[in-house]
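**Student:** For reference, the sequence and a predicted model appear below.
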There are 2 protein chains.
Amino acid sequence: MPTVIAVDAMGSDRAPRPEVEGAILACRHHNVRVLLVGREEEVRAELEREFERHPRARHLPIDVVHATEVIGMGEKASTAVRSKRDSSMRVGLRLVREGRAAGFVTAGNTGAAMACAKMVLGTLPGADRPALAAVFPTASGTAAILLDVGANVDCKPHHLEQFAVMGEIYSRSIFGIPKPRVGLLSIGEEEGKGNDLTREAYGLLRRLPLHFVGNVEGRDLYNGKLDVIVCDGFVGNVALKVSEGLVSTVRYLLKESLKSTISSQVGFLLSRRAFDDFKKRLDYAEYGGAPLLGIKGVCIVGHGSSNATALKNAVRVAAQFADTRINDRIEKGLSSHRPHPPAPAPDALSAGPATV
Amino acid sequence: MPTVIAVDAMGSDRAPRPEVEGAILACRHHNVRVLLVGREEEVRAELEREFERHPRARHLPIDVVHATEVIGMGEKASTAVRSKRDSSMRVGLRLVREGRAAGFVTAGNTGAAMACAKMVLGTLPGADRPALAAVFPTASGTAAILLDVGANVDCKPHHLEQFAVMGEIYSRSIFGIPKPRVGLLSIGEEEGKGNDLTREAYGLLRRLPLHFVGNVEGRDLYNGKLDVIVCDGFVGNVALKVSEGLVSTVRYLLKESLKSTISSQVGFLLSRRAFDDFKKRLDYAEYGGAPLLGIKGVCIVGHGSSNATALKNAVRVAAQFADTRINDRIEKGLSSHRPHPPAPAPDALSAGPATV
């Protein structure tokens, strides 16, 4: 039985094309059935175009579920999610809640996706705040995850503790890393280094039954020494976007330098394949989007600029997330280390039935 | 009259060589006199070696000031600064306090340099906390500064306000930008976006007499759209170190890719000059270290891996900092927008002399 994944067909910047192409690729390469959620007419027209180019795709297990509204990239998440009751996001997430899909994928407005998932699906017991986990390549070839990257700001220490538990389980389940190395993002490696939040969180993370390596610094994100890096959502979002900006700048500067002389132009042509290979290794599309962890259900959020490959991979990740029952493990993980309920206050005890 | 700059001769990872070479370069290219502060015997031996290679350097205005102790890179800043009363850092900063040098340059332990500068020189009136400002290249070729990058964590909104004033003045004075564009590092451009700190700071920055462009995102650091970016020191330190780590990873991945085939190896050789040019454009050494702003005096902190060029440029920046009297401007800037002292409480007024 293929795993059913609902895909927001109206999410990405160039929707519905990458979504439709991604759905076809996913159904061709993985054991999934895709429900494309969006304006039926538009989506079917795009599907028809693809079927004409690839007639055999017509027999793939792809269906369209109609949703009249679309949440735009620029819209304010909280308002859009509430007012647009028939948006492709809400309809797609309802399919998950009703058990008609095992997971949901969107390359749309990240803030709206998080708000919508929280509202429609709710959070897992023990997960006070869902966290968005970014997946990226490291120098050693493994994938690392950083969480939270923007779902939560002004976190409390116990939120970081929950992020560590959820991230570690995700790393084990999706990347198959037997004992993920978990670090706390700070500004110095010694235990006392950091701010009020990290100093308190350090003590909580140290007590968790996982491989906590202690404080790590920004430069450790990409060196492959870590599998899971935990931080407040403000800090994680800055780290992620600084990286995106820097990669663009590096590409631009490199291109400028390589255009400057004839010999370097020839050099560039000769090394073109190497550059393509290099670009691919830095490409987030290979990793298929960021999972939202701590939600009662499966929701993968892709970049607005996602192409068909990124969407195909996001569908794969969503199916894997559902098939390996990560949420059951997260729920168990969160409950096993949850603080015991506070003991009744002495007052309450003494106010029991009098034995006179 | 050359400007006198004290240089910590024992600071960098390979001290005193880069310091001695940097001092020679600085005296040759700029109107400065350098006092090399450190273990006299070691420093003189290194100077001799250089003089033998470049006999004309013997006549440059370079002197050695003896300091018996050295603060190591791994030492805890607060303890080292207090216990080592005759460290090259303390001796160098004392030269500034006593007016025997116009500025101090060190490529040593950053935490120790900040603590030492604060202790020996004190802070400017109106500067509650000195800030370390990182200078880096952007895609448009201009230099941008990010502050604070690690001197302060758990900042209050009025600290960010002071950072904006100091950073703007620095950008105008050192980079000659007539109207620097100042941004507040956050996780979304709309006014309400961010965390408690940035939301409050936004209101304060908006009222400053400078070109405040509002909230900016991590990806704006390197795109050249901003001249000054203000943030809490924890966030700034993470942003800086993530960037350092990513640049290393990109270089590594690129090198790996380019080694993979013969044609790309040939391509690499042909484009080698372009790569060197590219590396240079990303090279922090060109910018000569990070100024510590808000200190009563001039203190420039370089990277531990600084080479002679980086130290030469740091000496130039220190001299420029002193010559253009940036601290006078910062003091004026901080006082002109400082909140008026609170009006006397009604009680105090009514308690005035009775007119009965």
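**Tutor:** Sure thing, it's come through.
**Student:** remind me which residues of chain A are low pLDDT?
**Tutor:** Applying pLDDT under 70 to chain A flags residues A:257, A:264, A:267-268, A:270-287, A:337-356.
**Student:** could you redo the last one with a cut-off of 80?
**Tutor:** Scanning chain A with the threshold set as pLDDT under 80 gives A:139, A:141, A:247-288, A:337-356.
**Student:** Quickly list the domain ranges of it.
**Tutor:** Residue ranges for the domains of chain A, per automatic domain parsing: A:1-127+A:294-332, A:132-286.
**Student:** Can I get those domains in JSON lines including distance to residue B:261 and mean neighbour count?
**Tutor:** The way it works is simple: take the backbone N, C-alpha and C, and place the C-beta from them, glycine included. Output for the domains of chain A, formatted as JSON lines (distance: least, Cβ to Cβ, whole Å; neighbours: other Cβ atoms under 10 Å in any protein chain shown):
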{"stretch": "domain A:1-127+A:294-332", "distance to residue B:261": "24", "mean neighbour count": "21"}
{"stretch": "domain A:132-286", "distance to residue B:261": "7", "mean neighbour count": "20"}
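**Student:** nearest to chain B, of these?
**Tutor:** domain A:132-286 (3.0 Å; Cβ to the nearest Cβ).
**Student:** Alpha carbons only: can I get stretch A:89-109 in CSV?
**Tutor:** Provided in CSV are the C-alpha atoms of stretch A:89-109 (Å, rounded to 0.1, in the frame of the first residue of the first chain):
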residue,chain,number,x,y,z
MET,A,89,-2.9,24.6,3.4
ARG,A,90,-5.9,24.2,5.7
VAL,A,91,-7.5,21.7,3.3
GLY,A,92,-4.3,19.7,3.0
LEU,A,93,-3.7,19.6,6.7
ARG,A,94,-7.3,18.6,7.3
LEU,A,95,-6.7,15.6,5.1
VAL,A,96,-3.9,14.6,7.5
ARG,A,97,-6.1,15.2,10.6
GLU,A,98,-8.9,13.0,9.0
GLY,A,99,-6.5,10.2,8.3
ARG,A,100,-6.9,10.6,4.5
ALA,A,101,-3.2,11.5,4.1
ALA,A,102,-0.3,10.4,6.2
GLY,A,103,1.6,13.7,5.8
PHE,A,104,1.5,17.1,4.2
VAL,A,105,4.1,19.0,2.2
THR,A,106,4.1,22.7,1.4
ALA,A,107,6.6,25.1,-0.2
GLY,A,108,4.4,28.1,0.7
ASN,A,109,4.5,30.8,3.4
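**Student:** Let me know whether that stretch sits next to chain B.
**Tutor:** No - applying Cβ under 8 Å from any Cβ of the partner chain, one finds stretch A:89-109 separated from chain B by no less than 11.6 Å.
**Student:** Distance check, the residue nearest the centre of chain A against residue B:336.
**Tutor:** Closest to where the C-alpha atoms of chain A average out (Cα atoms, centre = their mean) is residue A:290, at 1.7 Å. As judged by Cβ to Cβ, to the nearest Å, residue A:290 and residue B:336 stand 45 Å apart.
**Student:** now swap in residue A:103 and tell me
**Tutor:** 57 Å.
**Student:** is it true that residue A:157 touches residue A:201?
**Tutor:** Yes - at 4.2 Å, residue A:157 and residue A:201 qualify as touching, with contact defined as Cβ atoms under 8 Å.
**Student:** need the domains of chain A in TSV with distance to residue B:4, can you?
**Tutor:** Below are these laid out as TSV (distance: least, Cβ to Cβ, whole Å):
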stretch	distance to residue B:4
domain A:1-127+A:294-332	53
domain A:132-286	34
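**Student:** Which of those sits closest to residue B:66?
**Tutor:** Smallest distance to residue B:66 across the domains of chain A (Cβ to Cβ): 31.6 Å, for domain A:132-286.
**Student:** so where do the strands sit in the stretch 101-250 of chain A?
**Tutor:** Shown for the stretch 101-250 of chain A, the strands assigned by DSSP state E, counting those that start in this stretch span residues A:103-106, A:131-137, A:143-147, A:181-185, A:211-216, A:228-230.
**Student:** just checking, what packs against the third one?
**Tutor:** When contacts are defined as 3 or more Cβ pairs under 8 Å, 6 or more residues apart in numbering or on different chains; DSSP states H and E, strand A:143-147 packs onto strand A:131-137, helix A:157-175, strand A:228-230, helix A:233-258.
**Student:** May I see those arranged in a markdown table, with distance to residue B:133 as well?
**Tutor:** A markdown table is the format used below for the helices and strands packed on strand A:143-147 (distance: least, Cβ to Cβ, whole Å):
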| stretch | distance to residue B:133 |
| --- | --- |
| strand A:131-137 | 28 |
| helix A:157-175 | 29 |
| strand A:228-230 | 26 |
| helix A:233-258 | 16 |
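**Student:** can you list the ones you listed in TSV and add distance to chain B?
**Tutor:** As requested, the helices and strands packed on strand A:143-147 are arranged in TSV below (distance: least, Cβ to the nearest Cβ, whole Å):
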stretch	distance to chain B
strand A:131-137	8
helix A:157-175	13
strand A:228-230	10
helix A:233-258	3
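**Student:** For residue A:299, find the nearest of those.
**Tutor:** In terms of Cβ to Cβ, the element of the helices and strands packed on strand A:143-147 nearest to residue A:299 is strand A:131-137, at 9.7 Å.
**Student:** ok, residues contacting the closest one?
**Tutor:** Strand A:131-137 is contacted by residues A:110, A:114, A:143-152, A:162-163, A:166-167, A:170, A:221-222, A:233, A:236, A:240, A:243, A:281-282, A:284, A:286-294, A:301 when judged by Cβ atoms under 8 Å, 6 or more residues apart in numbering or on different chains.
**Student:** Could you tell me how far it lies from the centre of the chain?
**Tutor:** Centre-to-centre, strand A:131-137 and its host chain are 5 Å apart (Cα atoms, centre = their mean, to the nearest Å).
**Student:** Next: stretch A:304-311.
**Tutor:** 14 Å.
**Student:** Check whether it comes near chain B.
**Tutor:** No - figure legend: stretch A:304-311 not in contact with chain B (Cβ under 8 Å from any Cβ); closest approach 12.6 Å.
**Student:** Show residues contacting that stretch.
**Tutor:** Contacts of stretch A:304-311 (Cβ under 8 Å, 6+ apart): A:7, A:11-13, A:17-19, A:21-26, A:73, A:105, A:107-108, A:284-286, A:288-289, A:302-303, A:314.
**Student:** repeat for stretch A:220-229
**Tutor:** Contact with stretch A:220-229 is made by A:136-142, A:144-147, A:164, A:167-168, A:170-171, A:175, A:177, A:180-185, A:213, A:216, A:239, A:243, B:242, B:245-246, B:248-249, as judged by Cβ under 8 Å, 6+ apart.
**Student:** Put the alpha carbons of the helix or strand hosting residue A:47 into CSV.
**Tutor:** Assigned by DSSP states H and E, residue A:47 belongs to helix A:40-53. The C-alpha trace of helix A:40-53 is given here as CSV (Å, rounded to 0.1, in the frame of the first residue of the first chain):
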residue,chain,number,x,y,z
GLU,A,40,-8.7,22.1,-9.3
GLU,A,41,-8.8,23.7,-12.7
GLU,A,42,-5.3,25.1,-12.5
VAL,A,43,-3.8,22.0,-11.1
ARG,A,44,-5.6,19.7,-13.7
ALA,A,45,-4.4,21.9,-16.5
GLU,A,46,-0.8,21.6,-15.3
LEU,A,47,-1.2,17.9,-14.9
GLU,A,48,-2.6,17.6,-18.5
ARG,A,49,0.5,19.5,-19.8
GLU,A,50,2.8,17.0,-18.0
PHE,A,51,0.8,14.0,-19.2
GLU,A,52,1.1,15.1,-22.8
ARG,A,53,4.9,15.3,-22.4
